[in-house]
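[1] below are the sequence and a predicted model; questions follow.
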Amino acid sequence: MQDFVSEPITPHKGTFATQPMASGLPGLPLGFDWRGDSRSVVEVLGTWKASSREGGRPRGELYLRRHYFRLRMSDESVWTVYFIRQASKSSARQRWFLFSIDEK
C-alpha cells in the first residue's frame, strides 16, 4: 500500500554522491532523517525528472523542476523522494522531500 506523505526530509550530512553533482544533477545522499528516525538508502529502483513552463504560461520556457528517486530503504520500505532544483526563497535550505512510502 502506498502512503502519500509530502514532507521535508533531512539528508545525511557529508554522504552525497559527488559524481552526479559534477554534471549538474543532485547528489543522492546515502540516507535521510524523517520524523526522528534515520534510514539508509539500500538500492535505487528508479529515477525520473519533472519539468514545467515558467510561470505556468503555455508558451514560456520549459524548466527542470524536480528530480525524483524511488529508493529501497534500510527498513525494506520503498520511498519516493524528490529534490527541488529551484527552492523558494522562504525555504532555500529545504530541497529534499519524501513524496510517498510503500510499506513492505
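    Done, it's in. Residues are numbered from 1 along each chain as shown.
[2] return the distance of the lowest-mean-pLDDT helix or strand in the chain from the chain's centre.
    Lowest on mean pLDDT, DSSP states H and E among the helices and strands of the chain sits helix 18-22, with a mean of 74. Distance of helix 18-22 from the chain centroid (CA atoms, centre = their mean, to the nearest Å) equals 15 Å.
[3] same question, stretch 3-13
    Per CA atoms, centre = their mean, the displacement of stretch 3-13 from the mean C-alpha position of its chain is 8 Å.
[4] now it: average pLDDT?
    Average pLDDT, stretch 3-13: 93.
[5] hmm, back to that, average pLDDT for the helix or strand just after the least confident helix or strand of the chain?
    Downstream of helix 18-22, the first helix or strand assigned by DSSP states H and E is strand 31-34. Here strand 31-34 scores 96 as its mean pLDDT.
[6] can you tell me how far the residue nearest in space to the middle of the chain sits from residue 10?
    In the chain, the residue lying closest to the centroid (CA atoms, centre = their mean) is residue 82, at 2.2 Å. When distance is defined by CB to CB, to the nearest Å, residue 82 is 14 Å away from residue 10. To be clear about C-beta, it is placed using only N, CA and C from the backbone, and glycine gets the same treatment.
[7] next: residue 34.
    Shown here: residue 34 relative to residue 10, a distance of 7 Å by CB to CB.
[8] so those two - more neighbours on which side?
    Ranked by neighbour count (other CB atoms under 10 Å), residue 34 and residue 10 place residue 34 first, with 18 against 14.
[9] quick one, strands of this protein?
    Applying DSSP state E to the chain gives strands spanning 2-8, 10-11, 31-34, 37-53, 62-73, 78-84, 96-102.
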